[in-house]
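**Student:** Turn this into a structure:
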Amino acid sequence: WQPAVSSSSGGRAGWPRCRGWSRGGPSAGSRPEQRVGGRSPRRRCRLRKKSTRRPALGPPSVRPQRVVLLRDDLESPKNLLVKGRTHHKPSIYTTPGQVSSVTATALPNGVKVVSTGAAASGVVGVALANAGTACGPMGAAFAAKHMAFKSANGQTDLAIQRGLELAGSTIHATATKTSLIAAVACLPESGGEAATAAAATAVGVARSPYIHWEFEETLKQSAAVQADLDALTTARPLMVAIEEAAYAGGPLGRRAATKKAVAAMMSTQVDDFLAAAVATMPITVVGVGFDHADILAYAAKAFASLGPRDAAMPAVASPFVPGGFAAKMTDAAAPGMAVALPVASPAMGGVLAVALGAGGGGADVSYSPSSSLLVAASSTASKADLLAAVTTKLDALTEADLAAAKLKYKVATLSKTGVDLAVALCEDPALLDAAAVDAVTLDACKAALAGIEPAFAVVAPADD
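**Tutor:** Residues are numbered from 1 along each chain as shown. Have a look, this model is predicted:
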């Protein structure tokens, strides 16, 4: 049978059509007018007031499709309920940018490729080692950061940035003590290849020389660059002071740039600086929110022209100075003091900072690791109280405390999202290797710190 016909079609309203009756439907005292489907016209239809069977929906081409609404429907059109089945993309869907898994692979030329699993949004980060603020001429990495997405390879900066913008991407660049990092936030399914190529060019891979007038205009006339130069000393004055005290003006202790160094910088100096690093130094490609096979293919294409290189990060020759001291007098900074001790690796610094900062303490002390291989303790207390608090915490550390600190260190870093996560993974590759973090033992920490007089720094108002 089929659904009941309406009264306007000639049938009686509410009567279902029986295969034995004509289209007009039954009428009082009438008999079937024709044979339909081979059935006898004398066979009467059993009329029921209500049917439990579903009405036909028409041919499949016009049937309405039911959509399974998931977090990532816009990015994953496969998540549709078609013909009674739900088709899920075979990957882990998480909050955009959040880590679901970490996978690392090296290309044949030594470029390291890291991914965190598929997500709704993604970030491609490229880190060039030995191109940070502690490497090369003072201010070279600072200049490279601000020139990262400028004109290159026959394209103006407007064309480069506008092309990424139309694809929904945003650009970022930063310089740590040891690396130059360029990152592009994008949609993994549509902008991954272009983002990888743009980030690779930004750090100097297969890049044409800077345009002289653009270099001069950007670095020496831009208000944003001048504000960034001012922030180098005002944003974290205590950390700047303790690094200068710990390394006595060495590469790890010097400032990222000064106005004098930037004013004297030439574009050819930065070109040569990046070219030397690109030729032999380690390169790390991080794909946050990308399937590993996809980011591996993008990286293989973007870095195909590079020769072999060592995957190990080179050490910066900058010895720690026991008992070093530095003082900063400024009106903008709140008073404070800090002590710092050297660590053997970024992982040791991060784990120690978490372990020492856990639980209560006598003085109000905060602990933080530094990319210059320091673990620093800062407070507004006196020097004697600060040293006593740090010594007490170090002596009280146990293996259980360190084991808990390792887990907290991993969670604190891997719970970051987007650009923050990409930069963290680029800056600390040891975090990707569980063995490197697990190798931080209590005996190794105490051996690294035994018998070393900490560096000391103080920041106070100019009239103090």
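
**Student:** Centre of the chain to the host helix or strand of F273, how far?
**Tutor:** Element membership for F273, per DSSP states H and E: helix 267-280. In terms of Cα atoms, centre = their mean, to the nearest Å, the gap separating the centre of helix 267-280 from the centre of its chain is 26 Å.

**Student:** same for whatever helix or strand comes next after it, what does it pack against?
**Tutor:** Next helix or strand after helix 267-280 toward the C-terminus (DSSP H and E): strand 283-288. If you count contacts as 3 or more Cβ pairs under 8 Å, 6 or more residues apart in numbering; DSSP states H and E, strand 283-288 packs onto strand 112-115, strand 122-129, helix 188-202, helix 292-302, helix 418-427. Glycine gets a C-beta too; all of them are placed from N, C-alpha and C.

**Student:** List the residues that contact the residue nearest to G289 when sequence neighbours are not counted.
**Tutor:** Leaving aside its sequence neighbours, G289 sits nearest to G122 (Cβ to Cβ, 6 or more residues apart in numbering; 3.2 Å). By Cβ atoms under 8 Å, 6 or more residues apart in numbering, the contact list for G122 reads 97, 185-188, 192, 195, 287-290.

**Student:** again, only using 6 Å
**Tutor:** Counting by Cβ atoms under 6 Å, 6 or more residues apart in numbering, G122 touches 186, 188, 288-290.

**Student:** Now the buried members of those residues.
**Tutor:** By neighbour count, with 16 or more other Cβ atoms under 10 Å, the contacts of G122 hold 186, 188, 288-290 as buried.

**Student:** What about T258, how many residues nearby?
**Tutor:** T258 has 16 neighbouring residues, counting by other Cβ atoms under 10 Å.

**Student:** on that earlier part again, JSON lines for the buried ones among the contacts of G122, including distance to P454 and pLDDT?
**Tutor:** Compiled in JSON lines, the buried ones among the contacts of G122 are given as follows (distance: Cβ to Cβ, whole Å; pLDDT from 0 to 100):
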{"residue": "C186", "distance to P454": "44", "pLDDT": "94"}
{"residue": "P188", "distance to P454": "45", "pLDDT": "89"}
{"residue": "V288", "distance to P454": "36", "pLDDT": "91"}
{"residue": "G289", "distance to P454": "41", "pLDDT": "91"}
{"residue": "F290", "distance to P454": "42", "pLDDT": "92"}
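
**Student:** okay if I get those residues as CSV plus distance to G349?
**Tutor:** Formatted as CSV, those follow (distance: Cβ to Cβ, whole Å):
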residue, distance to G349
C186, 32
P188, 32
V288, 23
G289, 28
F290, 29
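
**Student:** ok, then the element right after the host helix or strand of G349?
**Tutor:** G349 belongs to helix 346-357 when assigned by DSSP H and E. Remark: after helix 346-357, the chain's next helix or strand is strand 366-370, criterion DSSP H and E.

**Student:** Now do the next helix or strand after that following strand: which elements does it pack against?
**Tutor:** The element immediately downstream of strand 366-370 (helix or strand, assigned by DSSP H and E) is strand 374-379. For strand 374-379, the packing partners by 3 or more Cβ pairs under 6 Å, 6 or more residues apart in numbering; DSSP states H and E come out as helix 237-247, strand 336-342, helix 346-357, strand 366-370.

**Student:** chain center to the following helix or strand past strand 374-379: distance?
**Tutor:** Next helix or strand after strand 374-379 toward the C-terminus (DSSP H and E): helix 383-396. From the chain centre to the centre of helix 383-396 is a distance of 36 Å (Cα atoms, centre = their mean).

**Student:** So for D433, what pLDDT did the model give?
**Tutor:** Looking at D433, its pLDDT reads 61.

**Student:** cool, and W15?
**Tutor:** pLDDT for W15: 47.

**Student:** do the same with L394
**Tutor:** At L394, pLDDT is 89.

**Student:** what separates it from L356, distance-wise?
**Tutor:** Between L394 and L356 the distance is 7 Å, computed by Cβ to Cβ, to the nearest Å.

**Student:** who has more neighbours, these two?
**Tutor:** Between L394 and L356, counted using other Cβ under 10 Å, L356 has the larger neighbour count: 24 against 16.

**Student:** what's the spacing between that one and K177?
**Tutor:** For L356 relative to K177 (Cβ to Cβ), the value is 21 Å.

**Student:** Next: A263.
**Tutor:** 23 Å.

**Student:** Y367 too?
**Tutor:** According to Cβ to Cβ, Y367 and K177 sit 19 Å apart.

**Student:** what about these two, which has more around it?
**Tutor:** Comparing Y367 with K177 by other Cβ under 10 Å, the one with more neighbours is K177, at 22 against 19.

**Student:** element containing that one, please.
**Tutor:** Counting by DSSP H and E, no helix or strand carries K177.

**Student:** these two touch, right, it and L373?
**Tutor:** No. Using Cβ atoms under 6 Å, K177 is not in contact with L373; the gap is 8.5 Å.

**Student:** so where is the chain shaky, pLDDT-wise?
**Tutor:** For the chain, the stretches flagged by pLDDT under 70 are 1-101, 330-334, 359-363, 429-434, 462-464.

**Student:** let's see 50
**Tutor:** For the chain, the stretches with pLDDT under 50 are 1, 3-41, 43-45, 47-51, 54-98.

**Student:** tell me what the helix holding G349 is packed against?
**Tutor:** Packing partners of helix 346-357 (3+ Cβ pairs under 6 Å, 6+ apart): strand 366-370, strand 374-379, helix 399-414.

**Student:** got the contact list for V184?
**Tutor:** 124, 169, 171, 195, 198-199.
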